[in-house]
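**Student:** Please find the sequence and the predicted model below.
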Amino acid sequence: MSRSDAPTGRIGAGGVLTIDLDAIAANWKLLAGRLAVGTTCGAVVKADAYGLGLAPVARALHAAGCRTFFVALSDEGLTLRGILPDAEICVFNGVEAAYARDMAAARLTPVLNHLGQIADWSTAAGAEPLAAPLSAMLHVDTGMTRLGLSEAEVKTLAGDPGRLKGIRLTGIMSHLSCADQPGHAMNGDQRSRFDAVRAQLAGLAAGRASLANSSGMFLGADYHYDLVRPGAALYGVAPQPGSPNPMGQVVALKGKIVQTRRIDTPCSVGYGATHRAEHGRLIATVAVGYADGFLRSLSGAASAHVGQTIVRVVGRVSMDLITVDVTDVPEQDVRPGAFVDLIGPRHTIDDAAREAGTIAYEILTAFGPRFARHYTGTGA
């Protein structure tokens, strides 16, 4: 991207984050197309749609045909209700007594994780002048040891279904801990536990069964049940690390060059003098840093592109700036105001994650508000 190619607005921003809404919609349709008739494909849009913008992403997914959405927090659910008045909105973290009435009024579906939340939602149902019970999903722990009813709580609930007074269960779910490792024994073990718990709670008319996240969808049809919950794959992240990525590219990140420096005398570059530039190197300083979500762990490790040329981030990532060795790029292409491609088709989210020693989820959700955001595709 040249200086004249930059999007209008936010002209003082140090970077441009482009988000392809059509690619998100296409990714959802690709995943939905893998399912048998009768299995529904939802969408996880927690954490501001993985950092890409809840409102535009949710609208694009709804236009593509998605009707069931998952968020983590009740606040996220309330925001999403204002965007999608008629969608089913499920809240992973469940319900707190103080906010139960607000959730009920917004027709949110909490995912009930323990007996205390079941009691709080039942109390809310009794306090509301409703013509029908309050909807909820039930989360059972099958090995993650995080959220969800324990074995003891499942046994208690099975023996005392009256605890669900005023609650209409629309589904039962669990969460796979090792779905991104297809050969891991935990996957089959969790599926077996899930089936056993469903049988134990069969008398509760628990509705749909849901186990698979993005990676879980690729473990096979046995993991799909009635409802799948893709998240990261919608945003272009590879669902099976180490295998070809079937998902479309969603994000591109460009950083603006502020200054270039031709090295005449060997010298250090950046904080801590961790990189030494030799005579004849050309260093570009780019207005992106860890305050923007370009992780500090990418120091001296990240690659990027200028046109077709691979370039390297050298020295430490600082709060507002990175330094890139652009010696092999024609100098007219790296003048101040030009852009370096930090993430894009030739250097993906997953590539950046490997360089940072992390996962693509963290790269996505770290993107900060200082970037000029540019949406493309339907609904942009």
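**Tutor:** Structure's in. What do you need? Model, not experiment: these values are computed from the prediction.
**Student:** Tell me who's in contact with the residue sitting nearest the centre point of the chain.
**Tutor:** Most central residue of the chain, judged by C-alpha distance to the mean C-alpha position with CA atoms, centre = their mean, is Tyr50 at 3.3 Å. If you count contacts by CB atoms under 8 Å, 6 or more residues apart in numbering, Tyr50 has them with 231-232, 234-235, 361, 364-365. (C-beta placed from N, C-alpha, C; glycine too.)
**Student:** could I get these as a markdown table with neighbour count, pLDDT and distance to Gly280?
**Tutor:** Formatted as a markdown table, the entries for the contacts of Tyr50 read as follows, by neighbours: other CB atoms under 10 Å; pLDDT from 0 to 100; distance: CB to CB, whole Å:
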| residue | neighbour count | pLDDT | distance to Gly280 |
| --- | --- | --- | --- |
| Gly231 | 21 | 98 | 46 |
| Ala232 | 23 | 97 | 42 |
| Leu234 | 31 | 98 | 45 |
| Tyr235 | 30 | 98 | 41 |
| Tyr361 | 17 | 97 | 40 |
| Leu364 | 25 | 97 | 37 |
| Thr365 | 17 | 97 | 39 |
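**Student:** My understanding was that Ser135 contacts Thr109; is that so?
**Tutor:** Yes - Ser135 is in contact with Thr109 according to CB atoms under 8 Å; the separation is 4.7 Å.
**Student:** overlap in contacts of those two?
**Tutor:** Any residue near both Ser135 and Thr109 by CB under 8 Å, 6+ apart counts here, and that gives Thr170.
**Student:** More neighbours: which of these two?
**Tutor:** Each of Ser135 and Thr109 has its neighbours counted (other CB atoms under 10 Å); Thr109 has more, 24 against 20.
**Student:** Tell me where the longest strand sits in this protein.
**Tutor:** Across the chain, the longest stretch assigned as strand under DSSP state E is strand 251-262.
**Student:** And that strand, what does it pack against?
**Tutor:** strand 15-20, strand 282-286, strand 339-343 (3 or more CB pairs under 8 Å, 6 or more residues apart in numbering; DSSP states H and E).
**Student:** hey, where'd the strands end up in the stretch 251-380 of the chain?
**Tutor:** Across the stretch 251-380 of the chain, reading from the start of the chain, the strands by DSSP state E, counting those that start in this stretch fall at 251-262, 267-269, 275-277, 282-286, 303-306, 309-314, 322-325, 339-343, 372-376.
**Student:** From Ser135, how far off is Val111?
**Tutor:** The gap separating Val111 from Ser135 is 11 Å, by CB to CB, to the nearest Å.
**Student:** swap in Pro239?
**Tutor:** As for Pro239, its distance to Ser135 is 29 Å (criterion: CB to CB).
**Student:** Check which helix or strand Val237 maps to.
**Tutor:** Using DSSP states H and E, Val237 sits within no helix or strand.
**Student:** Would you check how far apart the closest residue to it other than its chain neighbours and Gln249 are?
**Tutor:** Leaving aside its sequence neighbours, Val237 sits nearest to Ala360 (CB to CB, 6 or more residues apart in numbering; 4.2 Å). Going from Ala360 to Gln249 by CB to CB gives 12 Å.
**Student:** All set, thanks.
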